[in-house]
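Asker: Below are the sequence and a predicted model for it; my questions follow.
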2 protein chains.
Amino acid sequence: MRLSRLALATTKETPADAEIVSHQLMLRAGMIRRLGAGLYTWSPLGMRVLRKVEAIIRAEMAAIDALEILMPAVQPAELWQESGRWQAMGPLMLRMTDRAEREYCFGPTHEEVVTDYIKRDVRSYKQLPLTVYQIQTKFRDEIRPRFGLMRAREFIMKDAYSFHMDDAGLDHEYQAMRGAYAKILDRMGLDYRVVAADSGAIGGAKSEEFHVLAHSGEDELAVASEGGYAANIEAAVTRAGDGPRGAPGAALKKIDTPGVTTIAGLAEHLKVPESATAKAIVVMGESGDPVLLMLRGDHMLNAIKAEQLPGIATPLTMADEATIREHFGAGPGSLGPVNATVEVIADHALANVADMVVGANYDGAHFTGFNWGRDHPEPRFADLRNIVAGDTSPDGQGTIDILRGIEVGHVFQLGDKYSRALNLTVLNESGAEVVPQMGCYGFGVSRVVAAAIEQCHDDAGIVWPAAIAPFELVIVPIKADKSQAVRDACETLYSELKAAGVDVAYDDRGLRPGPMFADAELIGIPHRIVVSDRGLEAGRLEYKGRADTENSDVAHDIDAIRDKIGHR
Amino acid sequence: MRLSRLALATTKETPADAEIVSHQLMLRAGMIRRLGAGLYTWSPLGMRVLRKVEAIIRAEMAAIDALEILMPAVQPAELWQESGRWQAMGPLMLRMTDRAEREYCFGPTHEEVVTDYIKRDVRSYKQLPLTVYQIQTKFRDEIRPRFGLMRAREFIMKDAYSFHMDDAGLDHEYQAMRGAYAKILDRMGLDYRVVAADSGAIGGAKSEEFHVLAHSGEDELAVASEGGYAANIEAAVTRAGDGPRGAPGAALKKIDTPGVTTIAGLAEHLKVPESATAKAIVVMGESGDPVLLMLRGDHMLNAIKAEQLPGIATPLTMADEATIREHFGAGPGSLGPVNATVEVIADHALANVADMVVGANYDGAHFTGFNWGRDHPEPRFADLRNIVAGDTSPDGQGTIDILRGIEVGHVFQLGDKYSRALNLTVLNESGAEVVPQMGCYGFGVSRVVAAAIEQCHDDAGIVWPAAIAPFELVIVPIKADKSQAVRDACETLYSELKAAGVDVAYDDRGLRPGPMFADAELIGIPHRIVVSDRGLEAGRLEYKGRADTENSDVAHDIDAIRDKIGHR
């Protein structure tokens, strides 16, 4: 394409309201423009990337026989009431009322609608398994839309749904979709990890997330150095303390710790490592009484794990100070199990620790030499904490590293949650009615564009992987206004590269070299060919790969260029 | 594609709630499924058609350098308030309020949003002209959604917008877009007409509509037998009566017409043609007084023309009986100009008519021998009526025929209505601020699919034009379960046709021939090849074009088949 016809709108200034680099660069490159909070228009330049991403997704969906459909964005409330999510979705769901006073939402996801759709035509086991998908616009009314497309309210998603006669069928398709997602990200040239995930509000049994690795990623991923274990830190399982507990080596001793209310302060005060202390967190139990959670001083509570324990209130609720004082006789910062009158649950990393430092349930005092069994009955032990770097992997193979990622895909085994709620049944081979098993599989189409930029950029701009770049190559003429030879060479090169199937841009805007180079780097075109009189005289063109630090030469020859850019 | 993998869901029964043939056939073929009032899901089969339509549109937009963008569906109220349409759109616009209590609509169109988008980056005449388009989901909360995709609430539209420094630039792009729309419909193989249109509520000067011809079309089109005049009947201009008015030949005579209140009844009573009578219609004027409109008895009032006359209230409002009796002393059915105390506007077809029959403003009485000038002052003459078949074309060339059409495209010269309302200005060559001229161009993507079916069907189902058929050709095996030769021949044929670039379906569902033939006809595949043992033994395959009445033979040879179906 001739860049003069693309309505490029690049800027040098970093927009003040853009916090992360993908948002900044998409605005600076003119890929998107803001319409309102969490609402963006894709420009012609942005669309070139979006369409390439969509094409890769469609090809990989077709490769696993997933069928494309298109469901409405506007969804009747009735279906959501049947599944119980009309209330559960809360203000995240944008609701509306039509002229006949019927309620609808702008679909944040399509489990209900797709189940209703399948129900209309699928009656027999012979029609299953069946996987459908769509690439469609969704809306989630985020409390704080930000980061551009990363957390936009209106966004584009590829959502797929599969229906099966049994768990084995579901698992088979789940693996196929998992493979397709991996291929999609491979083809896009992105570095990613597949991690075990918490199934969260959507329900269901097994689920995994696909994360594009980036320093700015909102999610922390626990990845083992060996054996392949990988999980979102929300879901990463920790191991119980290794080996048997040592015998108590010290007496329980109350010490004054005036003004010490943090673990860091306590460790400092006692000159012990934080790991020798234990922290106390008081949450509300289902019964209405508080529950004391104990963790090693250097560990962090994992709220999702705590919430899933029997007896703990959902959603996880911290006890307020009045409740704590009523039950413990002391405030937060001095709490512990000694003489506690509430249930105690301890993280299993504390199971084999002797001689701990714990709060004394007395403001400004702690105990040293605390031992389970002797100073408090053995508590319930459970996995309560976030995994940390250096932990042994849950499967015992290698150690854990913590990476940061941006979630771009999520595959779920839903089971029969929605098929049962919406009364989807099919007849099996014996003529009996069976509730199908369902899988659902989301892929963030607009988000993966932003994630790719988070992973692939430098100070000059975006460094697109070739498969999703707006153009593969840009031809930049030097002093075209003064040289017929340069203009002719560019035109010929442009035609020949197009004919060879290269997605080529020709910068015919008549700018000086500096701005042309800057734009090519900002919008991230992988390959640049500079055409100048001096080069032409020598039969050479100047080449620079977007990630290269130096220019190099290439013969003024279409085949030489194709070799150089690996386009064959 | 193997049809066993397409999740086809055809039915023989015509759905009771589907009134028109495209709705019936899309449901029977399983192209769409209803989610709610005016809300439809596109099935895998339907998507194949939709994607082909979209691809043709994208190619023709690219050919005129229109740039694809994608704007949000959810639009802030503020922009619509700026243009004045937040109120004007009324209940047709689906509105919603987000968690921060801000108002939005689900965009029924995008003039405001695109003008805001252009405003952000376009500053100089050097950046114009510029044409952008999107293929996007829109919502219009129709009072009575019906006819399936023909009048759905949620639908897919291609909407384009162009921006220009002056009228000449706008007109140039308007013609280019008009040409592109014609090419799109030509490529789709549809019979259509381009007609002059009323610009309606969207505003602006010039506009034309693209109509796919179909007996079921909701619009009437006036098309001249010569000279190319064509207009929507809403906008078709009529000629004044030819030649000078004859001298009065009869005296004004009051006659009793008891119980006669219709033109048909009057003509019958007097044994004269309806065209010798004049009908009276009383509408409200801007001043609040009624206005008497007179038309030839056989002519119909064109409400859009009447509404656009100076002095007439907008929207056009019929006077109620009380108002009529107060001003005329008689009721509807006996009204006329004689002694009328209100303004009289007569259709210009009455300008040269002498000796008319008119109401006497006296219940149960009419006048014969009414003449303008003698029996009532010369009225204001205007074009007030619908054009009718047999009328001379407004340009005097040929006569008018009335066709029925389905509007699938509309091109508008908007002028500066939106650019001015939203304060879009650019600097011209002299550095002065200029308000750009705008064009807008809509094409109904989902609607054209339904329109194609209205035009192209028979008793057995859809008869797709090849360019938008879900498949070009279907291979139907006979007794495949009993013949390895048939199975092998089908597989080979399937592979070879795919390799040759034919969009081929292979009916591998293991059904009997009858149901396979019926499905192929219902879903409208243009070409059918039947593979049987008997044919294979003779080296022949059986061919039938979808519109053919008889089968024919084709050699068992890939090139022979490609010749037969015109695929080269």
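Answerer: Thanks, I have it. Numbers count the residues shown, from 1 in each chain, chains lettered A, B, ... in the order given.
Asker: How is chain A divided into domains?
Answerer: Residue ranges for the domains of chain A, per automatic domain parsing: A:3-217+A:405-454, A:253-382, A:471-564.
Asker: For chain B, find the nearest of those.
Answerer: domain A:3-217+A:405-454 (3.8 Å; CB to the nearest CB). All C-beta spots, glycine's among them, are computed from the backbone N, C-alpha and C.
Asker: Off-centre distance for that closest one?
Answerer: A distance of 12 Å separates the C-alpha centroid of domain A:3-217+A:405-454 from that of its chain, computed with CA atoms, centre = their mean, to the nearest Å.
Asker: Kindly check the end-to-end length of that domain for me.
Answerer: Separation of the first and last residues of domain A:3-217+A:405-454 by CA to CA, to the nearest Å is 25 Å.
Asker: before we move on, back to that, any chance of the domains of chain A in JSON lines, with mean pLDDT too?
Answerer: Written out in JSON lines, the entries for the domains of chain A read as follows (pLDDT from 0 to 100):
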{"stretch": "domain A:3-217+A:405-454", "mean pLDDT": "95"}
{"stretch": "domain A:253-382", "mean pLDDT": "94"}
{"stretch": "domain A:471-564", "mean pLDDT": "96"}
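Asker: Does the residue nearest the centre of chain A belong to a helix, a strand or coil?
Answerer: If you average the C-alpha coordinates of chain A and look for the closest C-alpha using CA atoms, centre = their mean, you land on residue A:407, 1.2 Å from that point. Going by DSSP: H, G, I helix; E, B strand; the rest coil, the secondary structure assigned to residue A:407 is strand.
Asker: For it, name its beta-bridge partners.
Answerer: Residues in a beta bridge with residue A:407, per DSSP bridges, are residue A:211.
Asker: dump the residue contacts of it.
Answerer: Listed by CB atoms under 8 Å, 6 or more residues apart in numbering or on different chains, the contact partners of residue A:407 are A:209, A:210, A:211, A:218, A:219, A:444.
Asker: ok now do the last one, which residues does it touch?
Answerer: Under the criterion of CB under 8 Å, 6+ apart, the contact list for residue A:444 reads A:155, A:156, A:157, A:407, A:408, A:409, A:451.
Asker: can you check the fifth one too?
Answerer: If you count contacts by CB under 8 Å, 6+ apart, residue A:219 has them with A:209, A:211, A:232, A:233, A:234, A:404, A:405, A:406, A:407.
Asker: List, one by one, the residues from the stretch 201-350 of chain A near chain B.
Answerer: Proximity of the stretch 201-350 of chain A to chain B is assessed by CB under 8 Å from any CB of the partner chain, with no residue identified as in range.
Asker: Which stretches in the stretch 201-350 of chain A count as helices?
Answerer: In the stretch 201-350 of chain A, helices defined by DSSP state H, counting those that start in this stretch lie at A:263-270, A:303-307, A:321-328, listed in chain order.
Asker: Show me the one of those helices that comes nearest residue A:414.
Answerer: Proximity of these to residue A:414 was assessed by CB to CB; the nearest stretch is helix A:303-307, lying at 18.7 Å.
Asker: Buried ones in that closest one, by neighbour count?
Answerer: Within helix A:303-307, the residues that count as buried by 16 or more other CB atoms under 10 Å in any protein chain shown are A:303, A:305, A:306.
Asker: ditto for stretch A:426-435
Answerer: By 16+ other CB under 10 Å, the buried positions in stretch A:426-435 come out as A:426, A:434, A:435.
Asker: quick revisit: export the buried residues of helix A:303-307 as JSON lines, with columns for distance to residue A:140.
Answerer: Output for the buried residues of helix A:303-307, formatted as JSON lines (distance: CB to CB, whole Å):
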{"residue": "A:303", "distance to residue A:140": "21"}
{"residue": "A:305", "distance to residue A:140": "25"}
{"residue": "A:306", "distance to residue A:140": "26"}
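Asker: in what helix or strand does residue A:143 lie?
Answerer: Under the criterion of DSSP states H and E, residue A:143 resides outside all helices and strands.
Asker: What separation is there between it and residue B:269?
Answerer: Distance of residue A:143 to residue B:269, given as CB to CB, to the nearest Å: 75 Å.
Asker: And residue A:261, by the same measure?
Answerer: When distance is defined by CB to CB, residue A:261 is 104 Å away from residue B:269.
Asker: got it, and residue A:193?
Answerer: When CB to CB is applied, the distance between residue A:193 and residue B:269 equals 90 Å.
Asker: Please identify which of these two sits among more neighbours.
Answerer: Under the neighbour definition other CB atoms under 10 Å in any protein chain shown, residue A:193 and residue B:269 were set side by side, and residue A:193 has more, 19 against 16.
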